[in-house]
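Colleague: Quick one: sequence plus predicted model below, questions after.
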Amino acid sequence: MKSVNLNAIATETRNPHTLDLDKSTPRQIARKINREDFTAARAVQAANKEIAAVIVMAAQAYAQKHKIIFIGAGTSGRLGILEAVECVPTFGTKPSQIIGLIAGGKKAVFRSQEGAEDNAKQGAAEIRRAAKKDDLVIGLTASGRTPYVMGALQEALRLGARTALISCNPQAVCPQAQVHICLPTGPEALCGSTRMKAGTATKMALNAITTGAMTLCGKTYGNLMIDVQPTNQKLVARAIRLICTVSGADEKTAAKLLAAAGKNVKTAVVMHRKKVSKSEAEKLLKKQNGFLTKVIDD
């Protein structure tokens, strides 16, 4: 295996601001780590152009019923899985359309499987099973070099999928990625611990990509989570509040509308605003590709 010069990877170098971390008081430790955390937000801000490009790629893939696949190792892989899982209750997506893959498989979600990240062939094999032409594969690796991720992106390109990379290494060279979102978070407060700033910045970028893509696909109304899936008491209460806010109905009426609409917030809103049946509301939404604003505001 080719040796890696860790000194060339910013996230692996020592942070001059935390050299005395072990001699600091608890309050000082908290302050030093928090000061470094601000770098994560600035790093994401610096990559807004590339993040916007991937938002478009993700929206196109989703609208055309292709998959969006996040793939990574360790912290990065877990963040990808988290993002994919949360899209289901937040935006009403199908679990099979936005997925996360991690080096080492499911067991790596709960217990570190560090050696798995070095297997480029395994990354390629997993993408071969999961991806098809025109899917979107987003590689996640703080270092910008993880073999498992690089192998996956290379295979994705061969299959005709679109590719993107999120890394925190400005020196990363990744011809396998059509778009590289570089988040220059710099050295970690704890040297090499990329679960910290790099992980935070990666999660912020993922938040922007999924929320942006789903917004472009009509999954929001203004800044409201209009496609929320009311699968527990908290989400049922949220769904009712959404119906009240958008339709103007009172809480009791909103609860009845939600039940009559098969727990679909958009349908309930259209039923009330347009004074139509559930089936008619569904037809109106389908005609506008699910964009609520085009049904009730235009």
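Modeller: Looks like it came in fine. As the structure is a computational prediction, the values presented were derived from the model and not from experiment.

Colleague: Residues in contact with stretch 38-47: which ones?
Modeller: 51, 168, 181-186, 197-198, 200-201, 204-205, 208 (Cβ atoms under 8 Å, 6 or more residues apart in numbering). Glycine gets a C-beta too; all of them are placed from N, C-alpha and C.

Colleague: closest to Ser143 among these?
Modeller: When the contacts of stretch 38-47 are compared for distance to Ser143 (Cβ to Cβ), Cys168 comes out closest, at 7.7 Å.

Colleague: And for Cys174, the neighbour number?
Modeller: 22 (other Cβ atoms under 10 Å).

Colleague: lowest-pLDDT helix or strand in the protein?
Modeller: helix 107-110 (a mean of 91; mean pLDDT, DSSP states H and E).

Colleague: And the next helix or strand past that helix?
Modeller: helix 120-130 (DSSP states H and E).

Colleague: and stretch 253-273, which residues are buried?
Modeller: Neighbour-count burial for stretch 253-273 flags 253-255, 257-258, 260-261, 263-273 (criterion: 16 or more other Cβ atoms under 10 Å).

Colleague: Also stretch 112-128?
Modeller: Neighbour-count burial for stretch 112-128 flags 113, 116-117, 119-120, 122-124, 126-127 (criterion: 16+ other Cβ under 10 Å).

Colleague: And stretch 37-45, by the same measure?
Modeller: Neighbour-count burial for stretch 37-45, counted by 16+ other Cβ under 10 Å, picks out 39-40, 43-44.

Colleague: Give me the distance between that stretch and the centre of its chain.
Modeller: 17 Å (Cα atoms, centre = their mean, to the nearest Å).

Colleague: swap in stretch 135-144?
Modeller: 11 Å.

Colleague: quick one: average confidence on it?
Modeller: Across stretch 135-144, the average pLDDT comes to 96.

Colleague: Inside helices: which ones of the contacts of stretch 38-47?
Modeller: Residues of the contacts of stretch 38-47 located in helices (DSSP state H): 51, 197-198, 200-201, 204-205, 208.

Colleague: Just give me the closest of these to Pro16.
Modeller: Lys197 (14.6 Å).
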